[in-house]
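Trainee: using only what follows, build the 3D model:
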Amino acid sequence: MTGSEKVFFDTAPFIYLVENNPKYYLPVAEYMADLISEKEGLLSTSVLSIAEFLVKPAKEKDQKLQNDFETFLRELNFQISEINYNIAILSSRLRSSYSFLKGIDSLQLAAALDLNCSAFLTNDKRLKSIKEIQIILIEDLI
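Mentor: You can find the predicted model right below:
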């Protein structure tokens, strides 16, 4: 990475970190550490990642995991996008260009674009064909 880089984190990287996924934990953690050590690297996500991530802690009534996740986001100074009208419009344009996109995926991508992110970290291989933003697959970090 060079210069100032803002990377949007999809939901999967958070799950891999918290669940200490044997295959993906280390690549995600090292990538995040590289961004943080750059001092100029910015971490971003949206309220949708939070909503998706918190399903399991809510289902399992795991308040500690929920609190740990919120602390993690706060301590690493994640910029968290709200979904607004402009993001909804951008999302609809993305879906009209890429018929395979699901609503939530297009909203996540639109949030990343709205935040002027240079990259989108995910493990959704289908997103590799998106041209509007660099898609970084966690699988490729291994």
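Trainee: which residue ranges form the strands in the protein?
Mentor: Secondary structure of the chain, counting by DSSP state E: strands at 6-9, 42-46, 79-81, 119-122, 134-137.
Trainee: tabulate these (CSV), appending distance to Ser96, mean neighbour count and mean pLDDT.
Mentor: Every C-beta, even on glycine, is put in place using the N, C-alpha and C of the backbone. Shown next, in CSV, are the strands of the chain (distance: least, Cβ to Cβ, whole Å; neighbours: other Cβ atoms under 10 Å; pLDDT from 0 to 100):
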stretch, distance to Ser96, mean neighbour count, mean pLDDT
strand 6-9, 21, 24, 96
strand 42-46, 20, 23, 95
strand 79-81, 21, 17, 96
strand 119-122, 19, 23, 98
strand 134-137, 19, 18, 97
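Trainee: now distance to Leu107 too, for those strands, in CSV please.
Mentor: Shown next, in CSV, are these (distance: least, Cβ to Cβ, whole Å):
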stretch, distance to Leu107
strand 6-9, 12
strand 42-46, 7
strand 79-81, 10
strand 119-122, 12
strand 134-137, 16
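Trainee: which of those strands sits closest to Lys23?
Mentor: With Cβ to Cβ as the criterion, Lys23 lies closest to strand 134-137 of those, at 12.8 Å.
Trainee: for the closest one, packing partners?
Mentor: strand 119-122 (3 or more Cβ pairs under 8 Å, 6 or more residues apart in numbering; DSSP states H and E).
Trainee: give me that answer again for 10 Å
Mentor: Under the contact criterion of 3 or more Cβ pairs under 10 Å, 6 or more residues apart in numbering; DSSP states H and E, strand 134-137 touches strand 6-9, strand 119-122.
Trainee: distance between it and the chain's centre?
Mentor: When distances are taken as Cα atoms, centre = their mean, to the nearest Å, strand 134-137 is centred 11 Å away from the chain's centroid.
Trainee: what do you get for stretch 130-142?
Mentor: With Cα atoms, centre = their mean, you get 11 Å for stretch 130-142.
Trainee: with respect to Ala88, which of the helices and strands packed on strand 134-137 lies nearest?
Mentor: Of the helices and strands packed on strand 134-137, nearest to Ala88 by Cβ to Cβ is strand 6-9, at 17.0 Å.
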